[in-house]
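A.B. asks: give me the fold of what follows.
(chains A, B, C and D)
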Number of protein chains: 2
Amino acid sequence: MASTVTTTEPPESFDDFQRRLIEVEPHLPKRLRQAAAYALEHPDEIALGTASALARGAEVQASTLVRLAQTLGFAGFSELQEVFRSRLRNRWPDYSERLRALHENARDSGDPTHLLFGFADSAAASIARLREGVQRRELDRALGVLARARTIHCLGQRRSFCVAHYLTYALSQLGIAASLIDNVGGLGPEQLGQAGADDALIAISFSPYSPFTVDLARRARRAGVPIVVITDSALSPLAGLADVRFEIVESDFGSFRSLSATFCLAMTLAVAVGEKRAESGG
Amino acid sequence: MASTVTTTEPPESFDDFQRRLIEVEPHLPKRLRQAAAYALEHPDEIALGTASALARGAEVQASTLVRLAQTLGFAGFSELQEVFRSRLRNRWPDYSERLRALHENARDSGDPTHLLFGFADSAAASIARLREGVQRRELDRALGVLARARTIHCLGQRRSFCVAHYLTYALSQLGIAASLIDNVGGLGPEQLGQAGADDALIAISFSPYSPFTVDLARRARRAGVPIVVITDSALSPLAGLADVRFEIVESDFGSFRSLSATFCLAMTLAVAVGEKRAESGG
DNA sequence: CGCAGATTGGAATATATGTTCTATTGATGT
DNA sequence: ACATCAATAGAACATATATTCCAATCTGCG
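C.D. replies: Presented below is the predicted three-dimensional model:
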């Protein structure tokens, strides 16, 4: 009867819980591990949500949550939840006060949280602007171009490289043929060599614009490849080459720019193309 | 009929709620006032408790709580409670539900701006959580490790690769010796081959953890290289290898995760290391 | 390949919880 | 002091939620 269900004491504090979970996790079956991971990643949700809502979030069955609780020594899920609730109760009483204080303090000292808050603010600002700035029409046009493409080539260098890489990753995950022009071994031109009018190129570049990106985009243009450009200004050398152009204004903190808005847009494009293809019977 | 039960909009945030209550409180009958006072004095209890438990605490009848909620414009007690819960959850009023709804919406409306808004929200939520979650102590320890390093190696594959790449870019821009382990041509192990105790490794991996990243981090550990880990859970296979560990909870939209918080942290680390080196006369 | 035990999904169930309803109490004005 | 109406307590109800159970599935092993 009590084979997997070890009848030990249930953890009483959240820290206990976490330690205990790390200890037994390797021996846990798949779904229980999945639920356990979710619990550690979303402690607040666990504290406040209902079993079935959480089950949906963790993509598990509600009964799995109960079983997990029992495996850890609780009588049922509700007892486990109580641990998470008490954690919430004991959290710094007025934490928004505390955050503000932290923010003030950090300003002048060599406190790295100051930097963190700065970057966080600037990312949040970028995202807020993106929400307002992006036009439905441009999105639709870009999707038109991309959904039609046989292969979507992604181009970006230096700072923008990570966006191009991520786009390639996301598109591939969605089953869309995508190719990253990473210029490894100087083969950038060849990587784009086969692209034609029935493909598409997403080119990403921010000031100072990488000459390599601009050059390759020009070649693509000449080869008749439709181009979607993500850049930061209408004056960008990429602007004139674009069939569809997105201008992203990222706010910066110090001399570093957030990339949050750019990533949001990239993910949107990828997923939207995926859905568009799915519905038009790809 | 509707004399006391004003049919106005219910307050949406806790602050609204508080203002509203202070405003109407003088005209409230005895028991309702009693319940209202209890609510303002024990907001955490309200968020977590059940109606009848709270009723006992406030020495009123459960139905009184319902009436109070209705008097304030809510449909029932549960709606009122949701305001208190979102306060605890840190003013992202049931955002996971909201995101799910947005996603559903985006799916059948075919409007890509819905997707964009979803990703934007989810990025904003991630960033908000990052601000709360990151501890000064961990940042300091990470900076200690990194400032001391001769070369900082950055490791990440698949989804996490772009973070590793960006880190390498940013560190190099700041004049810090950094090296990206990109595993091009399968030379990953060799790229890390020379690293020793006077270097450092930043390893980034999220579920599902790339075996390559885990394997290489293990080797680095054996070679005595100090390791800073950025991952998403205490259960990550990287967790045990870390000298310093950051747990980043990115909220996801559909099945795609934002990387905003991760990038914020990465930028913070890079710039903070730069500053630390500058002041200690690098 | 087939068996046994473990694991899981989903329906069925029991319980707990929020809400509504009604008789009673308390207050107000005449 | 009486009549009238709002307010309340507590029971009755409907709903939501956790839990249990069983059949289906997966996994490890002979």
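
A.B. asks: can you map out the helices along chain A?
C.D. replies: Secondary structure of chain A by DSSP state H: the helices cover A:14-24, A:30-41, A:43-48, A:51-58, A:62-71, A:77-89, A:95-106, A:112-133, A:136-148, A:161-173, A:188-191, A:211-222, A:260-279.

A.B. asks: got CSV for those helices, with mean neighbour count too?
C.D. replies: Backbone N, C-alpha and C define where each C-beta goes, glycine included. Below are those laid out as CSV (neighbours: other C-beta atoms under 10 Å in any protein chain shown):
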stretch, mean neighbour count
helix A:14-24, 16
helix A:30-41, 20
helix A:43-48, 21
helix A:51-58, 18
helix A:62-71, 20
helix A:77-89, 18
helix A:95-106, 13
helix A:112-133, 21
helix A:136-148, 18
helix A:161-173, 23
helix A:188-191, 15
helix A:211-222, 18
helix A:260-279, 24
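
A.B. asks: including distance to residue A:253 and mean pLDDT, could the ones you listed go into JSON lines?
C.D. replies: Listed next are the helices of chain A as JSON lines, based on distance: least, C-beta to C-beta, whole Å; pLDDT from 0 to 100:
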{"stretch": "helix A:14-24", "distance to residue A:253": "33", "mean pLDDT": "91"}
{"stretch": "helix A:30-41", "distance to residue A:253": "27", "mean pLDDT": "94"}
{"stretch": "helix A:43-48", "distance to residue A:253": "28", "mean pLDDT": "92"}
{"stretch": "helix A:51-58", "distance to residue A:253": "32", "mean pLDDT": "94"}
{"stretch": "helix A:62-71", "distance to residue A:253": "41", "mean pLDDT": "96"}
{"stretch": "helix A:77-89", "distance to residue A:253": "32", "mean pLDDT": "93"}
{"stretch": "helix A:95-106", "distance to residue A:253": "13", "mean pLDDT": "60"}
{"stretch": "helix A:112-133", "distance to residue A:253": "4", "mean pLDDT": "92"}
{"stretch": "helix A:136-148", "distance to residue A:253": "27", "mean pLDDT": "95"}
{"stretch": "helix A:161-173", "distance to residue A:253": "18", "mean pLDDT": "96"}
{"stretch": "helix A:188-191", "distance to residue A:253": "31", "mean pLDDT": "90"}
{"stretch": "helix A:211-222", "distance to residue A:253": "25", "mean pLDDT": "96"}
{"stretch": "helix A:260-279", "distance to residue A:253": "12", "mean pLDDT": "93"}
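
A.B. asks: which one, of the ones you listed, ends up nearest to residue B:70?
C.D. replies: Nearest of the helices of chain A to residue B:70, taken as C-beta to C-beta: helix A:43-48 at 22.7 Å.

A.B. asks: now the closest one - C-alpha only, PDB.
C.D. replies: C-alpha atoms of helix A:43-48 as PDB (Å, rounded to 0.1, in the frame of the first residue of the first chain):
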ATOM      1  CA  PRO A  43       4.100  29.600  -5.500                       C
ATOM      2  CA  ASP A  44       1.700  32.500  -5.500                       C
ATOM      3  CA  GLU A  45      -0.600  30.800  -7.900                       C
ATOM      4  CA  ILE A  46      -0.700  27.700  -5.700                       C
ATOM      5  CA  ALA A  47      -1.500  29.700  -2.700                       C
ATOM      6  CA  LEU A  48      -4.400  31.500  -4.200                       C
END
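
A.B. asks: correct me if wrong: residue A:12 contacts residue A:80.
C.D. replies: No - with contact defined as C-beta atoms under 8 Å, residue A:12 does not count as touching residue A:80 (11.3 Å).

A.B. asks: sorry, back to before: wait, which of the helices of chain A is closest to residue B:143?
C.D. replies: helix A:112-133 (6.2 Å).

A.B. asks: okay, the angle between that closest one and helix B:260-279?
C.D. replies: If you take axes from the mean of the first three to the mean of the last three C-alpha atoms, to 10 degrees, helix A:112-133 sits at 140 degrees to helix B:260-279.

A.B. asks: which residues sit in contact with residue A:121?
C.D. replies: Applying C-beta atoms under 8 Å, 6 or more residues apart in numbering or on different chains to residue A:121 gives the contacts residue A:253.

A.B. asks: follow-up on the earlier one: would a markdown table of the helices of chain A with distance to residue B:131 be doable?
C.D. replies: Shown next, in a markdown table, are these (distance: least, C-beta to C-beta, whole Å):
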| stretch | distance to residue B:131 |
| --- | --- |
| helix A:14-24 | 20 |
| helix A:30-41 | 17 |
| helix A:43-48 | 14 |
| helix A:51-58 | 22 |
| helix A:62-71 | 29 |
| helix A:77-89 | 18 |
| helix A:95-106 | 7 |
| helix A:112-133 | 5 |
| helix A:136-148 | 30 |
| helix A:161-173 | 23 |
| helix A:188-191 | 39 |
| helix A:211-222 | 34 |
| helix A:260-279 | 14 |
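
A.B. asks: skip the chain neighbours and tell me the closest residue to the closest residue to chain B within the stretch 51-200 of chain A.
C.D. replies: Of all residues in the stretch 51-200 of chain A, the one sitting closest to chain B is residue A:162 (3.4 Å; C-beta to the nearest C-beta). Nearest residue to residue A:162, sequence neighbours excluded (C-beta to C-beta, 6 or more residues apart in numbering or on different chains): residue B:162, at 3.4 Å.

A.B. asks: my guess is the one you found contacts residue B:259. True?
C.D. replies: Yes - between residue B:162 and residue B:259 there is a contact at 7.2 Å, judged by C-beta under 8 Å.

A.B. asks: who touches both of those two?
C.D. replies: With contacts taken as C-beta under 8 Å, 6+ apart, residue B:162 and residue B:259 have residue A:166 as neighbours in common.

A.B. asks: any idea of the pLDDT on the closest residue in space to residue A:149 that isn't next to it in sequence?
C.D. replies: Of all residues not flanking residue A:149 in the chain, residue A:200 sits nearest, at 3.5 Å (C-beta to C-beta, 6+ apart). Note on residue A:200: pLDDT of 98.

A.B. asks: now do the contacts for the nearest residue to residue A:14 once chain neighbours are set aside.
C.D. replies: Among residues not flanking residue A:14 along the chain, residue A:87 sits closest, at 4.0 Å (C-beta to C-beta, 6+ apart). Contacts of residue A:87 were listed using C-beta under 8 Å, 6+ apart, and they are A:13, A:14, A:43, A:47.

A.B. asks: recalculate using a threshold of 7 Å.
C.D. replies: Residue A:87 makes contact with A:14, A:43, A:47 under the criterion C-beta atoms under 7 Å, 6 or more residues apart in numbering or on different chains.

A.B. asks: wait, which of those residues is closest to DNA strand C?
C.D. replies: Taking C-beta to the nearest atom of the strand as the measure, DNA strand C lies nearest residue A:47 of the contacts of residue A:87, at 14.4 Å.
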